[in-house]
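> Dropping the sequence and predicted coords here.
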Amino acid sequence: MKSLLLKPAYFILTVVLTVALLYLAAFSFFSASPVVLWTDALVFVLLLSILAFALSAYNKPHLRESWRRVFCHKLGVAALVILIFYAITGVVDSIHFRLVLNESDSSNGELTRLSNDTLSVLDLMLTPLRSHDEKTYSAPFATHSFAKENVEISPGVTRRVFQRLEYGGRHLQDVDGKWLDVFVKGLYGLAIGLLLFGLIVFPLIFLLAKAQASRFMDIARRMLDGTSSEIPWRVILGVVATILVVVGMIIAWAPYYHIMGTDKVGQDVLYQAIKSVRTGLVIGTLTTLVMLPFAVLLGIMAGYFKGWIDDVIQYLYTTLSSIPGVLLIAASILTIQVYMSNHPEMFQTDAERADMRLFFLCLILGITSWTGLCRMLRGEAMKLRESDYVSAALALGVRPFSLLRRHIQPNVMHIVLIAVVLDFSGLVLAEAVLSYVGVGVDPSMHSWGNMINSARLEMSRDPIVWWSLLAAFVFMFILVLAANLFSDAVRDAFDPRLRKQ
């Protein structure tokens with residue numbers, strides 16, 4: 001039994017050491033100086049907290065049983081795979097650095113200077129998308145500009161034509177064969193995706209076969225048949241294969257085409273949509289770190305102690321709920337923006353400035369969104385304080401705060417977990433709305449809200465520039481839909497009333 005309990009600990013330690021080694025190796029290889037932004041540090045703290053929670057849940061039979069039901073839910077586990085893929089993208093985009101520039105100096109020899117651009121590991125992986133900028137708009141998979149430009153045909157003679165793009169389809173000698181080339185490269189991307197799928201699935205089947213003392217082909221056959229275990233492996237493998245095939249096609253198309261077109265300044269729209277994943281995840285998850293301490297501590301204190309403590313906490317969250325949230329967020333963001341403008345010496349790069357605004361946005365959203373969960377926990381704590389085991393603990397002389405920590409808090413955590421998962425999608429949508437009205441993240445930071453805000457003017461053009469809005473909508477829709485499906489699975493598994501039904 002002890003060895004079983006140590007397996008998750010070994011896995012967590014392996015993950016942490018692997019990330020640390022990759023972190024150091026990447027910086028050594030690229031001659032870069034690491035940059036740790038505020039949100040980067042909080043992302044890794046949150047990641048370690050999730051791993052610690054997984055270890056704690058594995059060691060507790062009732063939590064392990066509830067999570068087993070989540071993993072047996074087909075839609076829930078499919079949504080979880082999509083969320084993990086988004087999370088990996090966000091974590092990779094949270095490893096920032098500045099390249100070291102070596103310049104020769106006649107007096108002191110070689111001079112070391114850091115680049116002004118703060119990049120991430122994801123930026124290096126998406127170099128074809130990041131560096132292939134055009135002049136202005138171009139449609140998805142286009143080889144010519146979206147609008148006509150004046151071109152001088154001969155001295156004194158100009159003509160309006162659609163010019164060839166600098167990067168999109170420049171390898172083509174005959175643009176009439178563009179779609180055949182797209183199809184061939186798509187097949188190549190399909191092969192890359194299947195290869196990546198094999199590199200992930202074959203080691204997984206090998207480990208399962210070794211753990212179950214069975215043959216490799218028997219495990220593979222049972223996983224495909226859906227009879228190997230209660231976990232829907234066929235659904236998991238199908239979702240993973242679909243994601244990797246899409247990734248493979250992006251790898252095959254990205255160096256040659258703008259898959260989702262370019263925006264007004266010629267930047268690749270797909271690059272902007274992928275970079276916006278981190279912003280959405282940071283808003284949806286780091287806000288939870290700010291919200292939970294207020295909601296859990298004040299909620300169970302109000303429900304258990306009652307009296308003047310309950311009155312003060314009720315007055316606090318009732319007053320905060322009465323203030324219009326958008327106005328409070330707008331006032332706070334504008335105040336912080338004025339402060340940062342008056343103290344530019346605090347930030348070495350524009351990325352640090354934008355990250356500080358994102359950090360304070362998470363802080364403000366957390367302060368304004370804990371009231372609903374606090375109200376629910378107050379009602380649950382009022383019910384639990386009348387339970388027999390709480391009365392027995394009081395009779396045995398257990399101190400109030402020890403009783404809250406050991407008896408009340410564990411019995412309300414299912415409500416906390418369900419509320420956190422359900423609120424995630426709402427916070428992601430809130431970022432889009434706030435950025436659209438101009439009080440969200442910094443305009444220089446990639447986010448789906450900023451993409452939608454810029455697409456507002458593009459929709460009034462003739463012909464319509466529709467691909468920026470579509471890209472932001474698709475990426476945000478998939479994330480929010482996956483979060484909602486996963487939250488339904490978590491609610492079904494952890495809610496005692498639904499479990500009895």
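Alright, I've got the coordinates.

> as a whole number, average confidence for the longest helix along the chain?
Using DSSP state H, we find that the single longest helix of the chain is helix 269-305. Averaged across helix 269-305, pLDDT comes to 87.

> do the same with stretch 466-486
Averaged over stretch 466-486, pLDDT sits at 89.

> The helix or strand that the longest helix of the chain is followed by packs against which elements?
Beyond helix 269-305 on the C-terminal side, the first helix or strand identified by DSSP states H and E is helix 307-322. Applying 3 or more CB pairs under 8 Å, 6 or more residues apart in numbering; DSSP states H and E, one finds that helix 307-322 makes contact with helix 269-305, helix 371-384. To be clear about C-beta, it is placed using only N, CA and C from the backbone, and glycine gets the same treatment.

> So which of those is nearest Ile464?
helix 269-305 (14.3 Å; CB to CB).

> If we go by neighbour counts, what in the longest helix of the chain is buried?
269-288, 290-292, 294-304 (16 or more other CB atoms under 10 Å).

> Please apply the same query to stretch 399-406.
Buried residues in stretch 399-406, counted by 16+ other CB under 10 Å: 403-404.

> Please work out which residues outside that stretch touch it.
For stretch 399-406, the surrounding residues in contact (CB atoms under 8 Å, 6 or more residues apart in numbering) are 300-301, 304-305, 390, 393-394, 398.

> Out of the residues you listed, which comes closest to Leu119?
Ile300 (44.0 Å).

> so the closest one touches Ile408, yeah?
Yes. With contact defined as CB atoms under 8 Å, Ile300 reaches Ile408; the gap is 5.1 Å.

> what touches both of the two?
Common neighbours of Ile300 and Ile408 (criterion: CB under 8 Å, 6+ apart): Ala381.

> Need the helices and strands packed on helix 307-322 in CSV (columns: distance to Thr158).
What follows is the helices and strands packed on helix 307-322, written out as CSV (distance: least, CB to CB, whole Å):
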stretch, distance to Thr158
helix 269-305, 30
helix 371-384, 62
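
> Run through the chain and note the low-pLDDT ranges.
1-31, 102-112, 114, 152, 156, 226-229, 495-501 (pLDDT under 70).

> Chain neighbours aside, what residue packs nearest to the most centrally placed residue in it?
By CA atoms, centre = their mean, the mean C-alpha position of the chain lies nearest to Leu281, the distance being 3.1 Å. Of all residues not flanking Leu281 in the chain, Gly90 sits nearest, at 4.1 Å (CB to CB, 6 or more residues apart in numbering).

> Quick check: which element contains that neighbour?
Per DSSP H and E: helix 74-92 holds Gly90.

> could you say what helices and strands that helix packs with?
On a contact count with 3+ CB pairs under 8 Å, 6+ apart, helix 74-92 meets helix 38-59, helix 61-71, helix 121-125, helix 233-253, helix 269-305, helix 467-494.

> okay, the ones you listed in JSON lines with distance to Leu457 next?
Below are the helices and strands packed on helix 74-92 laid out as JSON lines (distance: least, CB to CB, whole Å):
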{"stretch": "helix 38-59", "distance to Leu457": "29"}
{"stretch": "helix 61-71", "distance to Leu457": "43"}
{"stretch": "helix 121-125", "distance to Leu457": "27"}
{"stretch": "helix 233-253", "distance to Leu457": "28"}
{"stretch": "helix 269-305", "distance to Leu457": "15"}
{"stretch": "helix 467-494", "distance to Leu457": "10"}
